[in-house]
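In: the sequence isn't on hand, but the structure is:
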């Protein structure tokens with residue numbers, strides 16, 4: 001890993017400015033256009049779609065579980081069991097799984113959890129009510145379909161959906177396990193926000209526990225553990241090291257297992273220079289070489305070029321709804337201009353204190 005040295009302190013590149021007309025659409029387009037692979041189309045569905053219910057997460061998990069089954073036609077009565085099972089599991093974690101006040105389908109899932117209705121009745125109810133909107137809406141992000149299509153709606157012709165070649169390539173790839181982790185992390189963040197009544201005071205305090213490497217919310221003399229930090233961050237980095245773009249993954253024991261790194265070194269915390277140092281805005285996933293290898297970042301400050309990348313990554317978060325949007329905005333600023341000023345001020349204070357800057361040579365194409 002080479003050290004490219006200090007970059008000119010010219011500020012963050014102007015192209016990180018968000019469109020005042022529709023910033024969310026602009027960020028999702030940038031996320032996809034940089035590397036429009038099926039994996040990243042799938043990630044945009046999970047990470048950037050607006051959620052009024054958690055059905056899209058349940059359908060995503062159910063579909064990934066069918067990646068190695070024979071045949072491409074999936075009948076709704078076959079899909080109903082894993083779809084409702086995932087929802088039932090999450091109802092045990094957080095009872096609110098939609099923004100609406102009532103849902104006949106979710107109530108059926110609750111009744112099944114209480115043992116009040118048999119499995120075959122729940123299956124019939126799921127086929128009748130559970131897929132009413134989610135199949136139509138699955139590929140839609142910001143009022144338009146993503147470029148890759150993972151199934152074709154054949155409910156009228158065949159009472160099911162037909163999985164596509166793009167889906168099978170995705171579901172049988174090495175990335176599939178990470179995508180399932182990413183769905184679960186996103187789901188936990190969304191349902192936690194709903195369960196707390198979207199309290200901005202609580203959601204904005206999402207922070208990092210270094211011992212368990214997870215995200216949590218401190219609330220009223222207790223803490224609410226939300227999800228794995230790795231699982232929450234990986235999708236926004238498209239499964240690559242933040243610094244050098246080498247592949248990383250979420251499986252413990254793998255040589256590519258991601259490290260959670262503080263972009264601005266944790267040693268700066270408590271000095272009034274970089275706060276909150278454990279905030280989500282300052283956390284990235286890195287390969288071992290960049291985080292702790294010979295020639296790695298150590299206690300040096302990433303260059304202005306990398307600060308620009310952090311800004312773009314954080315804007316992806318802010319284009320994503322519930323609840324990391326509120327978290328990032330509370331920690332770094334309510335507008336793009338304020339967030340740029342916050343990052344620049346943090347960088348100036350960090351380099352004044354720690355002196356040395358750092359940036360590795362890239363090991364792959366820039367993809368975020």
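Out: Thanks, I have it. Since this is a predicted model, take the numbers as computed values, not measurements. Numbers count the residues shown, from 1 in each chain.
In: let me see the ranges of the strands in the protein.
Out: Assigned strands in the chain, in chain order: 73-75, 140-141, 144-145, 151-154, 160-163, 207-209, 214-219, 222-228, 259-262, 283-286, 301-302, 357-358 (criterion: DSSP state E).
In: return the most buried member of those strands.
Out: strand 301-302 (a mean of 27; mean count of other Cβ atoms under 10 Å). Heads up, the C-betas are built off the backbone N, CA and C, glycines and all.
In: partners of it in the sheet?
Out: strand 357-358 (parallel) (DSSP bridges).
In: got the strands of the chain as JSON lines, with mean pLDDT and distance to residue 28 columns?
Out: Compiled in JSON lines, the strands of the chain are given as follows (pLDDT from 0 to 100; distance: least, Cβ to Cβ, whole Å):
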{"stretch": "strand 73-75", "mean pLDDT": "97", "distance to residue 28": "27"}
{"stretch": "strand 140-141", "mean pLDDT": "92", "distance to residue 28": "6"}
{"stretch": "strand 144-145", "mean pLDDT": "90", "distance to residue 28": "9"}
{"stretch": "strand 151-154", "mean pLDDT": "98", "distance to residue 28": "21"}
{"stretch": "strand 160-163", "mean pLDDT": "98", "distance to residue 28": "24"}
{"stretch": "strand 207-209", "mean pLDDT": "92", "distance to residue 28": "26"}
{"stretch": "strand 214-219", "mean pLDDT": "88", "distance to residue 28": "23"}
{"stretch": "strand 222-228", "mean pLDDT": "89", "distance to residue 28": "22"}
{"stretch": "strand 259-262", "mean pLDDT": "97", "distance to residue 28": "25"}
{"stretch": "strand 283-286", "mean pLDDT": "98", "distance to residue 28": "20"}
{"stretch": "strand 301-302", "mean pLDDT": "98", "distance to residue 28": "26"}
{"stretch": "strand 357-358", "mean pLDDT": "96", "distance to residue 28": "31"}
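In: mind putting those in CSV, distance to residue 52 included?
Out: Shown next, in CSV, are the strands of the chain (distance: least, Cβ to Cβ, whole Å):
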stretch, distance to residue 52
strand 73-75, 24
strand 140-141, 12
strand 144-145, 18
strand 151-154, 20
strand 160-163, 21
strand 207-209, 27
strand 214-219, 22
strand 222-228, 20
strand 259-262, 31
strand 283-286, 28
strand 301-302, 38
strand 357-358, 43
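In: so what sits opposite residue 223 in the bridge?
Out: Assigned bridge partners for residue 223, using DSSP bridges, are residue 218.
In: how much space between it and residue 206?
Out: Using Cβ to Cβ, to the nearest Å, we find residue 223 at a distance of 11 Å from residue 206.
In: could you do residue 280 as well?
Out: Residue 280 is 6 Å from residue 206, by Cβ to Cβ.
In: next: residue 47.
Out: 16 Å.
In: cool, residue 228 as well?
Out: 13 Å.
In: okay, and the common contacts of the two?
Out: residue 215 (Cβ atoms under 8 Å, 6 or more residues apart in numbering).
In: and the end-to-end length of stretch 136-143?
Out: Distance between the two ends of stretch 136-143: 12 Å, counting by Cα to Cα, to the nearest Å.
In: picking up where we left off before, residue 280 and residue 206 - which one has more neighbours?
Out: Using other Cβ atoms under 10 Å as the criterion, residue 280 and residue 206 rank with residue 206 on top: 27 against 20.
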